[in-house]
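Undergrad: Structure for this input, please:
(2 chains)
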Amino acid sequence: MNDSFISKQGFRELVANAFHIYFKNAPTLIAICAAVLLPGYLITDTVGYFAPDDAKAIQAFDFFLRAFLQVVAEIFLVGEISQAAFGQPTSVGRGLTRASARGLGRLIGTNLLALAVIAVVVLAIGSAGVLLAVAHHEIAGTLVILLGCIAFVLLWVRYIFVSQVVILQRVYWVSALRASASLVTGSFWKTLWYGSVFTVTVAFLSYLIAAIPLSPWSEDFAGYWLVESIIKNAVALLLFVPISAAFWTLFYYSLRIESDRLTTADIVEIQSFGNL
Amino acid sequence: MGDYFTFDGLREIILGVVASFVTAALVAVTGWIIVRTGFGSAHRNAQRHLRQGRVLQTAGDFARAREEFETSINLLREHPTPALLAEAYLRLGDTDLATGNWQGAVEHFKLYRELASKKAKVPEDLVCLRIGRAHLGMGNVDEAFRFLDEARRIQERVTHNPLLGETYVRLAETESRRKRPDAAREHYLRAINVQERLRDRRAEAGSRVGLAEMYASTGDFESARGQYSSAARLYRDAGDAGTAGLIEAKAAGIAA
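TA: Numbering: from 1, shown residues only, chains lettered A, B, ... in the order given. Here you go, the predicted model:
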């Protein structure tokens, strides 16, 4: 007998159910993640290895590209996690083909649009802050930079459900951004609180796992960085990304129920056409 | 940290962010080209018609939605893509259900079943539910019960399955028409239980109206009035004051 997790849930339930879904469907979710994430992370790690240690451009490149890759992986994961949340079996092939059938360019493009909005707003405010600091207005500059941080948090929470919206509601581009923002409206603090606690906890857990010396070679070995990169990514991120995707997908359903936006007809539509 | 608050630091960060976006855009475009070249223009046209039909169907323009789905099916018959053709038949069947073309609905759902592949298929319970609804529309209550009960059997394998709400309602309607009020009441109550958990107020109100009508038909007017009042309150909570008024009038009619 399988369980369905489509219900209004509190934080503890969401976390427990996200882990339950992850452990029950681990091979499928890890395989989907590996197919999408490992080649991408290998590229960013290679660029990072050959770049000078203090290259800020590389750090920014690495940060945003990793965020982007995580979002792309989430696109492929959300459909299968939704299936699992309905108590249905999951499959790697279906997970990969579902996203392709929706139009990969459109799915990635919509998420890229959300990331671009966040990056442009935060960079614009941040640049103003830096310019003020350079012009010897340190306090004003710090306050503006702080404003940039607030803008980042605000936009991150507003666009957190874009992957769920494009896959499960089949809404794209600006409409998807609006749908995600509208779902969060009225539950902003709850989403921020749940999201922050969950993200920090899982990131810390991933960091602890990645800190365990798993490489059989010493640091003197020429390809040590490559082995370390593969092991760290495999261990930490293949855990972090699927569990996060499960948490956010369950939270998406929970918020829709809480805000009276999930009808029986919606559920029939999602389950009927979700696999096509 | 202080290095970041300089012109050079800022320039480098912006450069890095722009580079990451260019790389991401390249990945997206490459993905789009790979997927796009995998299908011919007929496939893309069919997909466009299917999408357009879905929009029209959602807007309630079923005649034009039907035309779009039929065009899509004609294109896909010449250049078969099983998953897409299956979706087109299913959408066309749903349009038939919405317009009361019960025979057409059964035919299209059967065509869907023949095409459904392992990689892309609608769960069997939802196909049974649709075929059951079509038979109920045609008045084949025994056949409807057979399909709906099969849907229920599959769905009950999952605890707290939210899809059961719809199935129980259809089963209750079938049982009402089979003159089995006790079984109908049981299914309505189960449906209400599922709909309450989902907070689907309109669906719950609909079930309560069905239950009230069932009570009224058996002469239990007190229970009928109670269910009508609950339904009216739910419709009002959902922002549908018009329907709430109609239901209250019905309740008052019973009281009289």
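
Undergrad: Let's verify residue B:30: helix, strand, or coil?
TA: Following DSSP: H, G, I helix; E, B strand; the rest coil, we place residue B:30 in the helix state.

Undergrad: how many other residues sit next to it?
TA: Neighbourhood size, residue B:30 [other Cβ atoms under 10 Å in any protein chain shown]: 13. Placement of C-beta: from N, CA and C, glycine included.

Undergrad: wait, what's in contact with residue A:225?
TA: Neighbour list for residue A:225: A:45, A:49 [criterion: Cβ atoms under 8 Å, 6 or more residues apart in numbering or on different chains].

Undergrad: Would you confirm that residue B:223 contacts residue B:214?
TA: No: the criterion here is Cβ atoms under 8 Å, and residue B:223 misses it with residue B:214 at 9.2 Å.

Undergrad: where's whatever residue of the stretch 101-250 of chain A ends up closest to chain B relative to residue A:79, distance?
TA: Residue nearest to chain B within the stretch 101-250 of chain A: residue A:105 (2.9 Å; Cβ to the nearest Cβ). Plainly put, residue A:105 is 17 Å away from residue A:79 if you go by Cβ to Cβ, to the nearest Å.

Undergrad: So which of these two has more stuff around it?
TA: Taking neighbours as other Cβ under 10 Å, residue A:105 and residue A:79 compare with residue A:79 leading, 27 against 19.

Undergrad: looking at this, residue B:219 is in a helix?
TA: No: under three-state DSSP, residue B:219 falls outside any helix and is assigned coil.

Undergrad: neighbours of it, just the number please.
TA: As a measure of burial, residue B:219 has 8 neighbours, counting by other Cβ under 10 Å.

Undergrad: before we move on, what about residue A:115?
TA: Residues near residue A:115, counting by other Cβ under 10 Å: 21.

Undergrad: Secondary structure class of it, three-state.
TA: helix.

Undergrad: Mean pLDDT per helix and strand in the chain: which one sits at the bottom?
TA: Picked chain A for this. helix A:224-232 (a mean of 72; mean pLDDT, DSSP states H and E).

Undergrad: my question was about chain B
TA: Ranking every helix and strand in chain B by mean pLDDT, DSSP H and E puts helix B:7-37 at the bottom, with a mean of 77.

Undergrad: and after that one, which helix or strand comes next?
TA: Next helix or strand after helix B:7-37 toward the C-terminus (DSSP states H and E): helix B:41-59.

Undergrad: Please point out which parts of that next one sit buried.
TA: By neighbour count with 16 or more other Cβ atoms under 10 Å in any protein chain shown, helix B:41-59 contains the buried residues B:43, B:46, B:47, B:49, B:50, B:52, B:53, B:54, B:56, B:57.

Undergrad: how about the helices in the stretch 51-200 of chain B?
TA: B:62-78, B:82-99, B:102-115, B:124-138, B:141-155, B:164-177, B:181-198 (DSSP state H, counting those that start in this stretch).

Undergrad: Flag every buried residue along stretch B:124-135.
TA: Buried residues in stretch B:124-135, counted by 16+ other Cβ under 10 Å: B:125, B:126, B:127, B:128, B:129, B:130, B:131, B:132, B:133, B:134, B:135.

Undergrad: and what of stretch B:193-206?
TA: Going by 16+ other Cβ under 10 Å, stretch B:193-206 has these buried residues: B:194, B:195, B:197, B:198, B:199, B:200, B:201, B:202, B:203, B:204, B:205, B:206.

Undergrad: how about JSON lines for these, with distance to chain A and pLDDT added?
TA: Formatted as JSON lines, the buried residues of stretch B:193-206 follow (distance: Cβ to the nearest Cβ, whole Å; pLDDT from 0 to 100):
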{"residue": "B:194", "distance to chain A": "8", "pLDDT": "94"}
{"residue": "B:195", "distance to chain A": "7", "pLDDT": "94"}
{"residue": "B:197", "distance to chain A": "6", "pLDDT": "91"}
{"residue": "B:198", "distance to chain A": "6", "pLDDT": "91"}
{"residue": "B:199", "distance to chain A": "5", "pLDDT": "91"}
{"residue": "B:200", "distance to chain A": "5", "pLDDT": "92"}
{"residue": "B:201", "distance to chain A": "7", "pLDDT": "92"}
{"residue": "B:202", "distance to chain A": "7", "pLDDT": "92"}
{"residue": "B:203", "distance to chain A": "5", "pLDDT": "93"}
{"residue": "B:204", "distance to chain A": "9", "pLDDT": "95"}
{"residue": "B:205", "distance to chain A": "12", "pLDDT": "95"}
{"residue": "B:206", "distance to chain A": "9", "pLDDT": "95"}
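
Undergrad: nearest to residue A:148, of these?
TA: Distance to residue A:148, by Cβ to Cβ, is smallest for residue B:199 among the buried residues of stretch B:193-206, at 37.8 Å.

Undergrad: close enough to count as contact, residue B:150 and residue B:128?
TA: Yes: the criterion here is Cβ under 8 Å, and residue B:150 meets it with residue B:128 at 4.6 Å.

Undergrad: Quick one: neighbours of residue A:102, just the number.
TA: 18.

Undergrad: Looks like it contacts residue A:167 (just checking).
TA: Yes: using Cβ under 8 Å, residue A:102 is in contact with residue A:167, at 6.8 Å.

Undergrad: Now the common contact residues for the two.
TA: Between them, residue A:102 and residue A:167 share no contacting residue, judged by Cβ under 8 Å, 6+ apart.

Undergrad: what's the burial count for residue 100?
TA: The chain I'm using is chain A. By other Cβ under 10 Å, 15 other residues sit near residue A:100.

Undergrad: wait, chain B
TA: When neighbours are counted by other Cβ under 10 Å, residue B:100 comes out with 11.

Undergrad: Who are the contact partners of it?
TA: Contacts for residue B:100 (Cβ under 8 Å, 6+ apart) come out as residue B:137.

Undergrad: run the last query once more with 10 Å
TA: Counting by Cβ atoms under 10 Å, 6 or more residues apart in numbering or on different chains, residue B:100 touches B:134, B:137, B:138.

Undergrad: and the residue in the stretch 151-256 of chain B that chain A sits nearest to, what are its bridge partners?
TA: Closest residue of the stretch 151-256 of chain B to chain A, Cβ to the nearest Cβ: residue B:158 (3.4 Å). Assessed by DSSP bridges, residue B:158 has beta-bridge partners residue A:2.

Undergrad: that older thread, would you list the helices of the stretch 51-200 of chain B in CSV and tack on distance to residue B:15?
TA: Converted to CSV, these look like this (distance: least, Cβ to Cβ, whole Å):
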stretch, distance to residue B:15
helix B:62-78, 46
helix B:82-99, 43
helix B:102-115, 51
helix B:124-138, 51
helix B:141-155, 55
helix B:164-177, 54
helix B:181-198, 49
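
Undergrad: one step back: helix or strand: which one has the residue of the stretch 101-250 of chain A closest to chain B?
TA: helix A:104-134.

Undergrad: that older thread, let's have the buried residues of helix B:41-59 in JSON lines, adding pLDDT.
TA: What follows is the buried residues of helix B:41-59, written out as JSON lines (pLDDT from 0 to 100):
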{"residue": "B:43", "pLDDT": "79"}
{"residue": "B:46", "pLDDT": "87"}
{"residue": "B:47", "pLDDT": "84"}
{"residue": "B:49", "pLDDT": "93"}
{"residue": "B:50", "pLDDT": "90"}
{"residue": "B:52", "pLDDT": "93"}
{"residue": "B:53", "pLDDT": "94"}
{"residue": "B:54", "pLDDT": "90"}
{"residue": "B:56", "pLDDT": "94"}
{"residue": "B:57", "pLDDT": "93"}
